[in-house]
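Peer 1: Sharing a model prediction with you, sequence too.
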Amino acid sequence: MQALQVTSLSDDLSGCELVDIAVPAQKAGEVLVKVHAASLNFPDLLMTKGDYQFKPEPPFTAGMELAGEVVAAGKESRFSAGDRVIGGAKTGAMAEYASVPETSLRLAPQGLDYPQAAALGAAYNTAYTALVELGGLTAGQWVLVHGASGGVALAAIDLAKALGAQVIAATGSPDKVLAIKRLYAPDAVIVSEGRFREKVAEITGGKLCDLVCDPVGGDVFDESTRCVTFGGKLLVVGFAGGRIADIATNIPLIKGFSVVGVRAGEYARRFPERGKRIADEVGRLASSGLITPPIDRIVPLSQWRSAFEAMARRGLVGKVVLTPGT
């Protein structure tokens, strides 16, 4: 089968190549899946450089997230050949076949095609964990979402709107404003440059925001501390901007807000019952049509480089999905 492998770590993708390897052996507790779509996530890009907290030893097959069809499962498995499934692991999704732990798979929501299903899990599970599970989101609250062209941020916008929140989408790219408005029609879209607190205050009538979802960090985090209302939460989802910000503890004390770290995957591993509930609820919302995964483009696995490069230069509005076998 063909697989995208990271054979060595590099800053320019020179350590990645499409190779022919054996179909993975199905181990006990695993399900063999024919992969129809694999979603590209920012950690996939970071792992090619060795910059992610999980550092697999090369060579490894890239890809955390897939959608496909069950080929073989154990006798006691809850899956059968032909089942449409989504899920994945930390690596292995960007190949024609993947052997995945059964505990990391679930049935694909009805109404989603394979690319949409592949784009659902990681982004929406992260958004739900941040906004609802840790943030306590309720209808009517003001939510500020940064990095609004990325998969997790767009999922957060989509989810918050579906749950009745008032949403401000913030992007560092002025040329993406119209696309963000067209995708999910947030209540407002702002460009997160300089002192954007005044824009947030004007939009919210001086209330500021109950929740701020920040996958960017750096200067955006610094200014976001001025955008959280008393009793609100600043949700730290990532550091796509590059700089890991610092905060003096007197700031959240005086302003009465909380800084909350969000590691959705680790949260689900430590609290599997809660993780299952989150995934089930995301699936229910998708099946009912209340949320729809944003896809920027679908490309053959053979064109993997164009997908990774588009993510690296932040040229996307939504997820990139790779289709193995093409």
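Peer 2: Received it, and whenever you're ready, just let me know what you need.

Peer 1: Do a quick rundown of the helices in the stretch 201-326 of the chain.
Peer 2: Here the stretch 201-326 of the chain has its helices, by DSSP state H, counting those that start in this stretch, at 218-224, 250-255, 264-270, 272-287, 304-312.

Peer 1: scratch that, the stretch 51-200 of the chain
Peer 2: Per DSSP H, counting those that start in this stretch, the stretch 51-200 of the chain carries helices over the ranges 114-118, 121-128, 151-162, 177-184, 197-203.

Peer 1: And the fourth one, what does it pack against?
Peer 2: Packing partners of helix 177-184 (3 or more C-beta pairs under 8 Å, 6 or more residues apart in numbering; DSSP states H and E): helix 151-162, strand 166-171, strand 188-191. Every residue, glycine included, has its C-beta placed from N, CA and C.

Peer 1: what does the longest one give?
Peer 2: Helices and strands touching helix 151-162, by 3+ C-beta pairs under 8 Å, 6+ apart, are helix 121-128, strand 142-145, strand 166-171, helix 177-184.

Peer 1: picking up where we left off before, winner for burial among the helices of the stretch 201-326 of the chain?
Peer 2: helix 218-224 (a mean of 20; mean count of other C-beta atoms under 10 Å).

Peer 1: And that one, how far out from the chain middle?
Peer 2: Here helix 218-224 shows a centroid-to-chain-centroid distance of 20 Å under the convention C-alpha atoms, centre = their mean, to the nearest Å.

Peer 1: One more: stretch 181-192?
Peer 2: Distance, stretch centre to chain centre, for stretch 181-192: 18 Å (C-alpha atoms, centre = their mean).

Peer 1: related to what we said a few turns ago, so can I have TSV of the helices of the stretch 201-326 of the chain showing distance to Val132 and mean pLDDT?
Peer 2: Shown next, in TSV, are the helices of the stretch 201-326 of the chain (distance: least, C-beta to C-beta, whole Å; pLDDT from 0 to 100):
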stretch	distance to Val132	mean pLDDT
helix 218-224	19	96
helix 250-255	21	95
helix 264-270	11	92
helix 272-287	8	95
helix 304-312	27	94
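
Peer 1: And those helices: which comes nearest Ser80?
Peer 2: Ser80 lies closest, by C-beta to C-beta, to one member of the helices of the stretch 201-326 of the chain: helix 272-287, at 18.5 Å.

Peer 1: other SSEs contacting the closest one?
Peer 2: Helix 272-287 packs on strand 105-107, helix 121-128, helix 264-270, going by 3+ C-beta pairs under 8 Å, 6+ apart.

Peer 1: got the angle for it vs helix 151-162?
Peer 2: If you take axes from the mean of the first three to the mean of the last three C-alpha atoms, to 10 degrees, helix 272-287 sits at 70 degrees to helix 151-162.

Peer 1: now Gly111: how far from Gly318?
Peer 2: 18 Å (C-beta to C-beta, to the nearest Å).

Peer 1: More neighbours: which of these two?
Peer 2: Using other C-beta atoms under 10 Å, the more surrounded residue of Gly111 and Gly318 is Gly318, with 20 against 12.

Peer 1: pretty sure that one is in contact with Ala155, am I right?
Peer 2: No. With contacts counted by C-beta atoms under 8 Å, Gly318 stays clear of Ala155, the gap being 9.6 Å.

Peer 1: Could I get the helices of the stretch 51-200 of the chain in TSV, plus columns for mean pLDDT, mean neighbour count and distance to Ser306?
Peer 2: Formatted as TSV, the helices of the stretch 51-200 of the chain follow (pLDDT from 0 to 100; neighbours: other C-beta atoms under 10 Å; distance: least, C-beta to C-beta, whole Å):
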stretch	mean pLDDT	mean neighbour count	distance to Ser306
helix 114-118	96	25	16
helix 121-128	94	27	21
helix 151-162	95	27	17
helix 177-184	88	17	19
helix 197-203	97	16	35
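
Peer 1: Just tell me which of these ends up closest to Val299.
Peer 2: Nearest of the helices of the stretch 51-200 of the chain (C-beta to C-beta): helix 114-118, 10.2 Å.

Peer 1: That closest one packs against which elements?
Peer 2: Packing partners of helix 114-118 (3+ C-beta pairs under 8 Å, 6+ apart): strand 30-40, strand 65-72, strand 84-87, strand 295-300, strand 319-323.

Peer 1: what's the average pLDDT for the first one?
Peer 2: Model confidence over strand 30-40 averages 97 on the pLDDT scale.

Peer 1: hmm, back to that, now the helices and strands packed on helix 114-118 as a markdown table including distance to Thr129 and mean neighbour count?
Peer 2: Output for these, formatted as a markdown table (distance: least, C-beta to C-beta, whole Å; neighbours: other C-beta atoms under 10 Å):
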| stretch | distance to Thr129 | mean neighbour count |
| --- | --- | --- |
| strand 30-40 | 17 | 26 |
| strand 65-72 | 15 | 23 |
| strand 84-87 | 16 | 24 |
| strand 295-300 | 22 | 18 |
| strand 319-323 | 18 | 26 |
